[in-house]
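Colleague: What follows is a predicted structure for the sequence shown.
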2 protein chains.
Amino acid sequence: MRRISERVWAPGELIPGEVDLAQEFGCARATVNRALRQLAEAGLLDRRRKGGTRVARYPVRKATLDIPVTRLEIEGRGVPYRHTLLNREICCPPDSICEAMDVSQTTQLLHLPALHFADGKPFLYEDRWINTAAVPEIQDEIFSEINANEWLIEHALFSRGDIRFSAANATKKEAKILQCEAEQAIFIIDRTTWNKDQSVTSVRLAYAPGFHMRSQI
Amino acid sequence: MRRISERVWAPGELIPGEVDLAQEFGCARATVNRALRQLAEAGLLDRRRKGGTRVARYPVRKATLDIPVTRLEIEGRGVPYRHTLLNREICCPPDSICEAMDVSQTTQLLHLPALHFADGKPFLYEDRWINTAAVPEIQDEIFSEINANEWLIEHALFSRGDIRFSAANATKKEAKILQCEAEQAIFIIDRTTWNKDQSVTSVRLAYAPGFHMRSQI
C-alpha cells in the first residue's frame, strides 16, 4: 500500500512476484498472497493469471456501505425507535415491482408499507412487497411486536440481494408520511432479496430529508 | 453460507470450530479460516477472540460500491466523454470545505469546478478544491488534455478517503450547469482524500437527475 500510494511502484508497473516479496519481507508466501488479494479487491492492483500483477492505472476505489437493521441503526444513534404498519393488503403490485421481483403481473403479493420513527420523528418510509410463496408463514404474523424487516431476517432464507441508491423528489404521499415538503429531495434505496431463484421481498426505502450514508475509501 | 441462509445454523448459534470444519470438509484449516473471515466481513458471522464464532443475530449486510474514474464510467456505457473546466482560481474555500479538509479558514486553495458530459449531455458537476501544499506541481497544469480527477490519480499520493452519499435539491446554479430544473432531486457524493494527515482534495459531485448506483448484497 505504501509503495503504491508513494509511487515507489508507478501506475501500470509490474510488481515483483510473491516469492520475491515473501523473501524481502521475511514472511510466508500465503501472507503476501493475502495482502495482494486485498489490494486487488480494493482496486489498487490488477492481477492477471498469466501476465503477473500490476499497479492499477485507473484504480477503481471501492466504498463499503453497511446496510444495518433499521431499528439498530436508529437505536445506535442513542434515540428511541418505534415503527408503525401503515397498511396490510394482498394485491397485484405495480409493474416496477413485478419486474424487480420477476413475478407475473397477475401475481398477488403481500403489501406492507411501514414507517420507522427516530426520536418520535419520521425517519424512513418503507414500502415493502413480500412474495408469500417464498414465506407462507408470514400470513399468520400481525407485526405488532416485530416489524417486517426483522421478521424476514429471522424467518426468511435469503441468498443475495440487488440494491440501488438514488435521489428523488418526495411525492405528495411520501411528503405527508415523512412530514416534509412535497418535492424535497430524499435519499432512496431500492432493494430486492432472493432465495436462490425466488424473490422474497422488494422494498423501496425513502429516508426523511437530511439522511446520508458515510463510508471510507 | 448455505448453512446460514438455510438456517441449518440458526441466528445466534455457536458454529463448530475451524479444526472440526476443516476435518468435515476435508480441506486445510487456512481455507476454513479464510471462508469464515469472508462471512464475518459480509456481516453474517460474529467472531469473538474468546467466545468462538456465532451466526450473526442481526446481520449487517454490506454493499460494495465501485467508485470509478468518471471518464471510464461514461466510456463504459459506450457513449462519448468530454469535460470542461468551468473556472480556475486560488481563493479561500467555504467553511464546509475548510472543515472537511481540516485547513484554516485563511488557507488559499485551488478551486477547479468542472463539468463532465456523457454523449454531449451534462452528466456530473464536479466542484473540486485542491490543497496545493500537498501537490504543488498541479499549479503548472492547464487541464486541457487531462481532467483534474485523472491528474490527481496519476500524480497525487493518497492513502485514504472519506465519502458521503446524500440527496439534495438542485440549486439554481447547479440546475443551470446540469441543464435541469431548479429543485430537481440530485444524487450527491462528497469525497475528501488524504495523504496521511494532509488533505489533498475535497470534491462535491452533483450528478444529473436520473443517476443511480447499483450493487449487490
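Modeller: Cool, the structure landed.
Colleague: switch to C-alpha atoms for all contacts and neighbour counts from now on
Modeller: OK.
Colleague: Could you pull up phi and psi at the closest residue in space to residue A:6 that isn't next to it in sequence?
Modeller: The shortest distance from residue A:6 to any non-neighbouring residue, by C-alpha to C-alpha, 6 or more residues apart in numbering or on different chains, is to residue B:157 (5.6 Å). Dihedral angles of residue B:157 (phi, psi; degrees, to the nearest 10) stand at phi -80, psi 140.
Colleague: What of the one 3 residues further on?
Modeller: Per-residue torsions, residue B:160: phi -160, psi 170 (degrees, to the nearest 10).
Colleague: Residue B:198 is in contact with that one, correct?
Modeller: No. Applying C-alpha atoms under 8 Å as the test, residue B:160 and residue B:198 come out as separate, 10.4 Å apart.
Colleague: can you give me the helices in chain A?
Modeller: For chain A, the helices defined by DSSP state H occupy A:2-5, A:18-25, A:29-41, A:70-75, A:95-101, A:148-155, A:172-178.
Colleague: Now mean pLDDT and distance to chain B too, for those helices, in a markdown table please.
Modeller: What follows is the helices of chain A, written out as a markdown table (pLDDT from 0 to 100; distance: least, C-alpha to the nearest C-alpha, whole Å):
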| stretch | mean pLDDT | distance to chain B |
| --- | --- | --- |
| helix A:2-5 | 82 | 5 |
| helix A:18-25 | 93 | 18 |
| helix A:29-41 | 89 | 10 |
| helix A:70-75 | 90 | 9 |
| helix A:95-101 | 94 | 13 |
| helix A:148-155 | 83 | 7 |
| helix A:172-178 | 97 | 14 |
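Colleague: Let's have these in JSON lines, adding mean neighbour count.
Modeller: Formatted as JSON lines, these follow (neighbours: other C-alpha atoms under 10 Å in any protein chain shown):
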{"stretch": "helix A:2-5", "mean neighbour count": "15"}
{"stretch": "helix A:18-25", "mean neighbour count": "14"}
{"stretch": "helix A:29-41", "mean neighbour count": "16"}
{"stretch": "helix A:70-75", "mean neighbour count": "16"}
{"stretch": "helix A:95-101", "mean neighbour count": "16"}
{"stretch": "helix A:148-155", "mean neighbour count": "16"}
{"stretch": "helix A:172-178", "mean neighbour count": "17"}
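Colleague: Next, format those as CSV and append distance to residue A:123.
Modeller: Listed next are these as CSV, based on distance: least, C-alpha to C-alpha, whole Å:
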stretch, distance to residue A:123
helix A:2-5, 40
helix A:18-25, 50
helix A:29-41, 34
helix A:70-75, 9
helix A:95-101, 23
helix A:148-155, 15
helix A:172-178, 7
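Colleague: quick one: which of those helices is nearest residue A:62?
Modeller: Closest approach to residue A:62 among these is made by helix A:29-41 (8.3 Å; C-alpha to C-alpha).
Colleague: helices and strands around the closest one, which ones?
Modeller: In this structure, helix A:29-41 packs against helix A:18-25, strand A:45-48, with contacts taken as 3 or more C-alpha pairs under 8 Å, 6 or more residues apart in numbering or on different chains; DSSP states H and E.
Colleague: which residues are contacting the first one?
Modeller: Okay, so that is helix A:18-25. Residues from elsewhere that reach helix A:18-25 (C-alpha atoms under 8 Å, 6 or more residues apart in numbering or on different chains): A:28-29, A:31-33.
Colleague: give me that answer again for 6 Å
Modeller: For helix A:18-25, the external contacting residues (C-alpha atoms under 6 Å, 6 or more residues apart in numbering or on different chains) are A:28-29.
Colleague: next one: stretch A:62-80
Modeller: A:42, A:118-119, A:216-217, B:60-67.
Colleague: same thing with stretch A:97-113?
Modeller: A:86-92, A:126-131, A:199.
Colleague: Any idea how far it is from the middle of the chain?
Modeller: Stretch A:97-113 sits 20 Å away from the centroid of its parent chain (C-alpha atoms, centre = their mean, to the nearest Å).
Colleague: With only the CA atoms kept, save that stretch in CSV.
Modeller: Below are the C-alpha coordinates for stretch A:97-113, written out as CSV (Å, rounded to 0.1, in the frame of the first residue of the first chain):
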residue,chain,number,x,y,z
ILE,A,97,-42.2,-4.4,-8.5
CYS,A,98,-43.2,-7.3,-10.8
GLU,A,99,-40.1,-6.6,-12.9
ALA,A,100,-37.8,-6.3,-9.9
MET,A,101,-39.1,-9.5,-8.3
ASP,A,102,-39.5,-11.3,-11.6
VAL,A,103,-43.2,-12.3,-11.0
SER,A,104,-46.1,-12.1,-13.4
GLN,A,105,-48.4,-9.1,-13.4
THR,A,106,-51.2,-11.2,-12.1
THR,A,107,-49.3,-12.4,-9.0
GLN,A,108,-50.8,-11.4,-5.7
LEU,A,109,-48.2,-10.1,-3.2
LEU,A,110,-48.4,-9.0,0.4
HIS,A,111,-48.1,-5.2,0.6
LEU,A,112,-46.8,-4.0,4.0
PRO,A,113,-46.0,-0.2,3.9
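Colleague: Any buried residues in it, and which?
Modeller: Within stretch A:97-113, the residues scored as buried using 16 or more other C-alpha atoms under 10 Å in any protein chain shown are A:97-98, A:100-101, A:103, A:108-113.
Colleague: Same check on stretch A:121-130?
Modeller: A:122-130.
Colleague: export the residues you listed to TSV and tack on pLDDT and distance to chain B?
Modeller: Converted to TSV, these look like this (pLDDT from 0 to 100; distance: C-alpha to the nearest C-alpha, whole Å):
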residue	pLDDT	distance to chain B
A:122	97	17
A:123	97	15
A:124	97	14
A:125	97	16
A:126	96	17
A:127	96	19
A:128	96	18
A:129	96	18
A:130	95	18
